[in-house]
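Colleague: Provided below for reference: sequence and predicted model.
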Amino acid sequence: MAKNYETLRKKVRSRPGAEERIAVHRERMLAAIGLQELRRSRNLTQEELATELGLTQAAISKLEHAEDYRISTLSRVVKAMGGRLEVNAVFDDVGEVPLTLVRDDD
C-alpha cells in the first residue's frame, strides 16, 4: 500500500539529526544549480536575458551549456537577473573568506 507523502515526510523529519542533514543537502543542491536553472527560477526566458545583456538567444544557450565561466561574465549574467555575485574562499581553519574579484562599476 502506498504511503501518503505527508506521512513519509513527518517520519523522515522525526529522526534524530534529520533537520540538520536536510539543511546540508538543501545547501549543496542550491550550490550546484546551473545558470539555466537559475534563469528559470527567476522566470526569465533565454530571449529576455539575452535582451537584457545585449546578446542573442543562441549566445545565452551556449553560455548555459559552457563548462567554465569567466567570473566577470558570471557576474554580469547574475546582475542581469537582478542579483549580485559573491565569491568566498572556504578554509577548514578560518571558515569563509569573502573575495573581491569583480568591481561593480555602477
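Modeller: Nice, thanks for sending it over. Remember, predicted model here, so these are calculated numbers, not experimental data.
Colleague: a helix runs through residue 93, doesn't it?
Modeller: No: counting by DSSP: H, G, I helix; E, B strand; the rest coil, residue 93 falls outside a helix, being coil.
Colleague: Show the model's pLDDT score for it.
Modeller: Per-residue confidence (pLDDT) for residue 93: 92.
Colleague: Contacts only, for the nearest residue to residue 53 once chain neighbours are set aside.
Modeller: Of all residues not flanking residue 53 in the chain, residue 80 sits nearest, at 5.1 Å (C-beta to C-beta, 6 or more residues apart in numbering). (Glycine included, C-beta is placed from N, CA and C.) Shown here is residue 80, whose contacts under the criterion C-beta atoms under 8 Å, 6 or more residues apart in numbering are 49, 52-53.
Colleague: Show me the shaky parts of this protein.
Modeller: 1-3, 30-32, 101-106 (pLDDT under 70).
Colleague: Go ahead and flag the most central residue of it.
Modeller: Nearest to the mean C-alpha position of the chain, counting by C-alpha atoms, centre = their mean, stands residue 33 at 4.2 Å.
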